[in-house]
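> What follows is a predicted protein model with its sequence.
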Protein chains: 2
Amino acid sequence: MHPSSGSTALLTDQYELTMLQAALADGSASRRCTFEVFARRLPNGRRYGVVAGTARVLDAVENFRFTPEVLTHLQPILDAETLDHLARWRFDGDIDGYPEGELFFPDSPVLSVTGSFGSAVILETVILSILNHDCAIASAAARMRSAAADRTIIEMGSRRTHEEAAVAASRAAYIAGFTATSNLGAGFRYGIPTAGTAAHAFTLLHDTEAAAFAAQVESLGKETTLLVDTYDITRGIATAIEVVGPNLGAIRIDSGDLGVLARAARDQLDALGAVDTKVVLSGDLDEYAIAALRAEPVDVYGVGTALVTGSGAPTAGMVYKMVEVDGRPVAKRSLNKQSTGGAKGAIRRHRSTGTATEELVYLLSGPVPEPLDGDRTLPVPLMRSGVRVDGQSLQDARDRLTQGLVSLPWEGLKLSQGDPALPTVIHPHS
Amino acid sequence: MHPSSGSTALLTDQYELTMLQAALADGSASRRCTFEVFARRLPNGRRYGVVAGTARVLDAVENFRFTPEVLTHLQPILDAETLDHLARWRFDGDIDGYPEGELFFPDSPVLSVTGSFGSAVILETVILSILNHDCAIASAAARMRSAAADRTIIEMGSRRTHEEAAVAASRAAYIAGFTATSNLGAGFRYGIPTAGTAAHAFTLLHDTEAAAFAAQVESLGKETTLLVDTYDITRGIATAIEVVGPNLGAIRIDSGDLGVLARAARDQLDALGAVDTKVVLSGDLDEYAIAALRAEPVDVYGVGTALVTGSGAPTAGMVYKMVEVDGRPVAKRSLNKQSTGGAKGAIRRHRSTGTATEELVYLLSGPVPEPLDGDRTLPVPLMRSGVRVDGQSLQDARDRLTQGLVSLPWEGLKLSQGDPALPTVIHPHS
């Protein structure tokens, strides 16, 4: 069921292939180029972004193949020389980038692709699609994870986004520290822990709420989570403990004033002796709602819509810009959307206390910044001559993000709108 | 490359399968149920929604198969009886729904699924994923199409959304009347016209802008679109006409104050004798920006980010609710999110002038509304006993939406926030 088990070559925009055709015809396709992926700004006053999707990018590049079926479709669009070129083509360039779970800021060189123009230009759309989606979700998820502090937080937003985006969103949320996902595809493809219990339909199916609870516990065990808000929540909780006893795993509330309901549910459960029965809340939670529930007795948050839509920022604003041709820096020079030419590296500087102070971006062709204690080089090699460099696990990415967030100045973790947590400094200053 | 050429069975939430297991164990899985898909409200003061994704839902249902690979993954989650049931299972129920391109309003029964509880419950997530995404995109796209009036409008947002969502977004935009898409996958899978020319990188690759333009025209012909804003737009246009002559197909501007630039570009082109050379605008266009450009000499709009993110409403708010069990209406009765029980039909009423007056939703088990001239029954059969009913083409959907929008009261086409264009009336009134 993995879409990239097929070719990813058509998950792209037509102009990339017509540019290739024109560049093959005049010989410029073989010029050595570097393209960089970066975001000019963070969305909505966010303090940081989180890199996710890099491994999916490498999957897509490996599967970017012009199969006979793909070439047949392209026949009316491209000339014979270009079709012949694509039939033999495999990506043989280099890719470097920030590893998954790393923080990014405006102008951070999150990914760079170096190779012939013809090889690098045709990867633009699929690379941006993956990074713009996955980084948007991970960036929102990290704020929710921070707001939830040490409580369990489960991703359950699959139904609110495209069916394949749902799987990628689960993965991005897991990188950002979510505990588990409801999405079985994410479990299947990426080994992410999955969770889930029952919906209102299961209660409505049965003649009584008690019958529904009994059937669920009979099948799934006392550790299950019973959904208690189909009819009356107070009666639902009483029925749940009557049916199961005080060792019930958890109850879930999916609607209403969640703060008030969580407190009342906890009190009622305690009074019934179900002191270890957990309280699970879901229903239109975002990072702000989660933060507002911090003082309430909540054990588990289930997050849906806000997660998969990036909580107001569904796309990360990444662009893919050519910055170097045959060793010469290039950049668009019109009034808007100016960029800095030249292939770039990046270092994160830290105080001796471990607190990060700046994102230092420098030209690889220029003077390298003088090394300081606490410097950390950010991009790592991801592909060399078309061959993937040994990858890292999702757990590595989770750990990296945890470390990254700890290193931010404390203002950087605020949910309110503001400046990026670190300034991006271009070295040398122009 | 079509993901649904594989199984779609894991594009779902775990709780659907654990509910199935519990219902198989107590015998309730065989109860005959109807689930309905509807939106409780339209997003952001929108006046109407547009149905898209129905055909993709039917594809996903046909491919919802528990293959050996899928069953192996589910082994730690489900008991042997459930795994055995799923190995033999195929959807054998009925699906009815609004055809693609139809308008919808709050509580419109956009899709209904009737079958055993066990068959209908497990389709929830994949059905909602598809409809929530595709309807969100089509609903935004229709407003952009209306704002563009009779001008050409091209979808080019693939890079701003998940790589598979991009293909579905192109399809939804085409249903909503877009002229073409940049996405080759959408051309491949759905036969949607594709378009595209060149990016700034192509100009930067060459030693001069003139060399880039000459290479592009040599390869793609004079009818191509030259991107003129890499350096200075006025000089870019002059160079374009110098290189190609006055028969150049089009110029594209992707940044800056588009209204002013369009007017200046048109004047300059006319002065150079290029009176038939078209002006293509792109760069952060949404329905409001398109409307604001109505008085300017623009020929083609290219829309990206705003389209694929639903222009502020990236998900359509559709839910999948069980409304009937063994012929008995059921509904959640807690304080929030109340629904009306019972399987429903829907009629759109019209004046003799053809203007729609209301969305009439009625219980199929109750008294049928007295028929009036101008009534149009909205849901159509989509699947019977698991077999797909002959489908309709994307062109049918485009025509249907055109007709639907013409029939709305004129306030319904306003871009500003307001009430739904039609009231939804539940018959009989409770």
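Okay, I see it.
> Tally up the residues packed near A:Asn44, please.
11 (other CB atoms under 10 Å in any protein chain shown). Placement of C-beta: from N, CA and C, glycine included.
> residues contacting it?
A:Gly312, A:Ala313, A:Gln417 (CB atoms under 8 Å, 6 or more residues apart in numbering or on different chains).
> Wait, the second one touches A:Arg46, no?
In this case it means A:Ala313. Yes. Assessed by CB atoms under 8 Å, A:Ala313 is found in contact with A:Arg46 at 7.0 Å.
> got any residues that touch both of these two?
A:Ser139.
> who's more crowded, the two?
A:Arg46 (23 against 19).
> Identify the residues contacting that one.
A:Ser139, A:Arg143, A:Ala313, A:Gln417, A:Pro420.
> if I look at A:Ala186, how far off is chain B?
9 Å (CB to the nearest CB, to the nearest Å).
> just to confirm, which helix or strand has that residue in it?
Using DSSP states H and E, A:Ala186 sits in helix A:184-190.
> Would you mind writing the CA trace of that helix as PDB?
In PDB, the C-alpha atoms belonging to helix A:184-190 read as follows (Å, rounded to 0.1, in the frame of the first residue of the first chain):
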ATOM      1  CA  LEU A 184      -3.000   1.900  11.400                       C
ATOM      2  CA  GLY A 185      -1.100   2.800   8.200                       C
ATOM      3  CA  ALA A 186       1.400   4.700  10.300                       C
ATOM      4  CA  GLY A 187       1.900   1.600  12.400                       C
ATOM      5  CA  PHE A 188       2.300  -0.500   9.400                       C
ATOM      6  CA  ARG A 189       4.700   1.600   7.400                       C
ATOM      7  CA  TYR A 190       6.800   3.200  10.200                       C
END
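> Excluding chain neighbours, what is closest to A:Met144?
A:Glu287 (4.6 Å; CB to CB, 6 or more residues apart in numbering or on different chains).
> how close does the one you found get to A:Leu307?
9 Å (CB to CB, to the nearest Å).
> now the strands for the stretch 151-300 of chain A?
For the stretch 151-300 of chain A, the strands defined by DSSP state E, counting those that start in this stretch occupy A:152-155, A:180-181, A:225-227, A:250-253, A:278-282, A:300-303.
> now these in JSON lines, with mean pLDDT?
Converted to JSON lines, the strands of the stretch 151-300 of chain A look like this (pLDDT from 0 to 100):
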{"stretch": "strand A:152-155", "mean pLDDT": "98"}
{"stretch": "strand A:180-181", "mean pLDDT": "98"}
{"stretch": "strand A:225-227", "mean pLDDT": "97"}
{"stretch": "strand A:250-253", "mean pLDDT": "97"}
{"stretch": "strand A:278-282", "mean pLDDT": "97"}
{"stretch": "strand A:300-303", "mean pLDDT": "98"}
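> how about those strands in JSON lines, adding distance to B:Ala52 and mean neighbour count?
As requested, those are exported to JSON lines (distance: least, CB to CB, whole Å; neighbours: other CB atoms under 10 Å in any protein chain shown):
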{"stretch": "strand A:152-155", "distance to B:Ala52": "26", "mean neighbour count": "24"}
{"stretch": "strand A:180-181", "distance to B:Ala52": "26", "mean neighbour count": "26"}
{"stretch": "strand A:225-227", "distance to B:Ala52": "31", "mean neighbour count": "26"}
{"stretch": "strand A:250-253", "distance to B:Ala52": "32", "mean neighbour count": "24"}
{"stretch": "strand A:278-282", "distance to B:Ala52": "28", "mean neighbour count": "23"}
{"stretch": "strand A:300-303", "distance to B:Ala52": "26", "mean neighbour count": "24"}
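> number of nearby residues for A:Val406?
Using other CB under 10 Å: A:Val406 sits among 11 other residues.
> Need the three-state assignment for it.
Using DSSP: H, G, I helix; E, B strand; the rest coil, the structure places A:Val406 in helix.
> Next one, pLDDT for it please.
For A:Val406, the pLDDT comes out at 97.
> what sits against the closest residue to it other than its chain neighbours?
Leaving out its chain neighbours, the residue that sits closest to A:Val406 by CB to CB, 6+ apart is A:Gly354, at 7.6 Å. Shown in contact with A:Gly354 (CB under 8 Å, 6+ apart): A:Gly374, A:Val406, A:Ser407.
> Would you mind measuring from A:Ala212 to chain B?
If you measure A:Ala212 against chain B using CB to the nearest CB, the figure is 9 Å.
> likewise A:Gly273?
25 Å.
> Please apply the same query to A:Arg349.
According to CB to the nearest CB, A:Arg349 stands 31 Å off from chain B.
> Find the helix or strand that that residue is a member of.
strand A:344-350.
> distance between that strand and the chain's centre?
Its chain's average C-alpha position is 22 Å from that of strand A:344-350, according to CA atoms, centre = their mean, to the nearest Å.
> sorry, back to before: what residues does the residue nearest to A:Met144 make contact with?
A:Ala140, A:Arg143, A:Met144, A:Ser146, A:Ala147, A:Ala306, A:Ser311, A:Leu415.
> ok, which pair from those residues is furthest apart?
For those, the farthest-apart pair by CB to CB is A:Ser146 and A:Ala306; their separation is 14.1 Å.
> So these two - more neighbours on which side?
A:Ala306 (22 against 17).
> I'd guess that one is in a helix, am I close?
Yes. Assessed with three-state DSSP, A:Ala306 lies in a helix.
> how far away is it from chain B?
10 Å.
> again with A:Leu10
Counting by CB to the nearest CB, the gap from A:Leu10 to chain B is 4 Å.
> quick one: that residue and B:Ser182 touch, right?
No. The criterion here is CB under 8 Å, and A:Leu10 misses it with B:Ser182 at 11.7 Å.
> Return the set of residues that bridge with A:Tyr301.
Beta-bridge pairing for A:Tyr301 (DSSP bridges): A:Ile153, A:Leu281.
> hang on, it packs against A:Gly283?
No. At 10.2 Å, A:Tyr301 and A:Gly283 do not qualify as touching, with contact defined as CB under 8 Å.
> residues contacting A:Asp396?
A:Pro99, A:Glu100, A:Gly101.
> Secondary structure of the second one: a strand, I assume?
No. Inclusion of A:Glu100 in a strand is not indicated when three-state DSSP is applied; the result is coil.
> residues near it, how many?
A:Glu100 has 29 neighbours, counted by other CB under 10 Å.
> Can you give me the neighbour number for the closest residue to it other than its chain neighbours?
Distance criterion CB to CB, 6+ apart; nearest residue to A:Glu100, sequence neighbours excluded, is A:Ala397 at 3.9 Å. By the criterion of other CB under 10 Å, A:Ala397 has 26 neighbours.
> What strand or helix carries A:Ala397?
Assigned by DSSP H and E, A:Ala397 belongs to helix A:394-407.
> list the buried ones in the helix or strand just after that helix?
Using DSSP H and E, the helix or strand that directly follows helix A:394-407 along the chain is strand A:424-427. Across strand A:424-427, burial judged by 16 or more other CB atoms under 10 Å in any protein chain shown covers A:Thr424, A:Val425, A:His427.
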